[in-house]
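Q: Sequence and predicted structure, then a few things I'm wondering about:
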Amino acid sequence: MNILLPKGFLANGIHSGLKKKRKDLSLFYSRTDCKAAALFTTNKVKAAPVVFSEEQLENTDHVRAVIVNSGNANCMTGKRGLLDAKKMVNAAARALNVPAATVLVSSTGVIGKPMRLEPVMEGMPKLVAGLSREGLVNAAEGIMTTDRFHKIVTRYFDIGGKNVSMVGVAKGAGMINPNMATMLCYILTDVDISREALKKALFVSNERSFNAITVDGDMSTNDTLVVLANGEAGNKTVEGKGKDYEIFSRNLGEISLELAKMIVRDGEGAEKFIEVSVKKAKTPQEAKKAADAIANSLLVKCAVHGGDPNWGRIASSVGASGIDFDPETMDITLDGVTFFKNGRFMGPGKRQKKNVFKGEEVKIEVLLHRGKAEAVTYTCDISKKYIAINSYYTT
């Protein structure tokens, strides 16, 4: 793949030695200052790079680069972990000749092991020397852990008569749960947009994408979502309302959702992609709570994996979600076949059930008949391979 980054952005990824063979060190860089917006894990246990980057963003008006390593999460590593995160930032800043305050840091990998900084420091000159507008694929490979493929999405569109572009790159396959998901994601654009508008657009897009996916119900310690906008397209600054903002927000949302779905499709050991829709709820929060309960149910995931249209497991999950509803008015439809409606089992025959849960794309729909709100959660099945991957992750 030859993907051209937005104007002013460069990227690269190399094998430094943190991992045995695969690329493990990546860098995203802008030749000019960027407006930045970011979201991080809500886990009480936060990795050192998350804590450090949050502090960086509180104390700076702009960002120039993000340095990322895979192979080590730098989490539960105490004061040394924070010092190591700072050393990575300082090394990248020196190599790029930018202020250290304008550099963010991310890590992903095994929790609890101190960083080996020697490979990072030794690899920094090579990493910076290889920066290019065509370096996104290398950077995407450098942030992967158990991912089976790199995740990149691009959009080209017009704002204020200017041609602009936006590209997103992400990693994630396991420890995926809403708020956010277990992932690293970097979205780069040459659009000129105010920081307030950027934050607003990011929050909205995140709720409909990365906050709407789950693989295994486990929340990570390192989740990081960063959007950088350097304004190199030369458009009139986009503010938080109006046509230009709507165009920007729509494209950010599309990139985010596509990347989020890629993460689910790449779920560890996953064979089937599941879309869970809960409709006619009283509130959006109620709909989301029910959809998440279905999507996180191991029994539902197993049923989908085995091609067993066990609709009772969906009913049970909604009932256990904690929302208030009347089970007798609930409708349950699986892959277009209605199994429960108006308080009774619809009794679809073998021919109707033949293809339910059999394909690679599965749809579960629940109607609560309480209002007009709805929510969608994306997830995947669970297989023996998931157990195998996570039973020897550190050994």
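A: Thanks, I have it.
Q: Leaving out chain neighbours, which residue sits closest to residue 322?
A: Using C-beta to C-beta, 6 or more residues apart in numbering and skipping the chain neighbours, the partner closest in space to residue 322 is residue 289 (6.6 Å). Yep, even glycine has a C-beta here, placed from its N, CA and C like the rest.
Q: Contacts only, for that neighbour.
A: Contacts were defined as C-beta atoms under 8 Å, 6 or more residues apart in numbering; by that measure residue 289 touches 321, 322, 323.
Q: and what of residue 120?
A: 16, 18, 25, 69, 88, 91.
Q: Which of those residues sits closest to residue 283?
A: residue 69 (41.2 Å; C-beta to C-beta).
Q: Can you show me the strands along the protein?
A: For the chain, the strands defined by DSSP state E occupy 9-14, 25-40, 63-70, 103-108, 151-159, 162-171, 184-189, 224-229, 273-281, 331-334, 337-341, 344-345, 361-367, 373-380.
Q: Touching, residue 221 and residue 49? I think so.
A: No - applying C-beta atoms under 8 Å as the test, residue 221 and residue 49 come out as separate, 10.0 Å apart.
Q: Same drill for those two, tell me which one is more crowded.
A: For residue 221 versus residue 49, neighbours defined as other C-beta atoms under 10 Å are more numerous around residue 49 (33 against 23).
Q: For that one, give its distance to residue 114.
A: The gap separating residue 49 from residue 114 is 13 Å, by C-beta to C-beta, to the nearest Å.
Q: Quick check: the farthest pair among the contacts of residue 120?
A: With C-beta to C-beta as the measure, no two of the contacts of residue 120 lie farther apart than 18 and 91, at 13.8 Å.
Q: mean confidence for the top helix by length along the chain?
A: The residue-count maximum for a helix in the chain (DSSP state H) belongs to helix 243-265. Mean pLDDT, helix 243-265: 95.
Q: Distance from that helix to the middle of the chain?
A: 11 Å (C-alpha atoms, centre = their mean, to the nearest Å).
Q: Which elements pack onto it?
A: Other elements packing on helix 243-265 under the criterion 3 or more C-beta pairs under 8 Å, 6 or more residues apart in numbering; DSSP states H and E are strand 151-159, strand 162-171, strand 184-189, helix 195-208, strand 273-281, strand 373-380.
Q: mind redoing it with 7 Å?
A: strand 151-159, strand 162-171, strand 184-189, helix 195-208, strand 373-380 (3 or more C-beta pairs under 7 Å, 6 or more residues apart in numbering; DSSP states H and E).
Q: The second one versus strand 184-189: what angle between them?
A: When axes from the mean of the first three to the mean of the last three C-alpha atoms, to 10 degrees is applied, the directions of strand 162-171 and strand 184-189 differ by 170 degrees.
Q: Check the last one too.
A: Angle between the axes of strand 373-380 and strand 184-189 is 120 degrees (criterion: the same axes, to 10 degrees).
Q: So which residues make contact with strand 373-380?
A: 212-215, 260-261, 264, 267, 270, 272-279, 281-284, 286-288, 291-292, 295 (C-beta atoms under 7 Å, 6 or more residues apart in numbering).
Q: Which ChimeraX command selects the buried ones in those?
A: Buried subset of the contacts of strand 373-380, written as a ChimeraX selection, criterion 16 or more other C-beta atoms under 10 Å:
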select :212,213,214,215,260,261,264,267,270,272,273,274,275,276,277,278,279,281,282,286,287,288,291,292,295
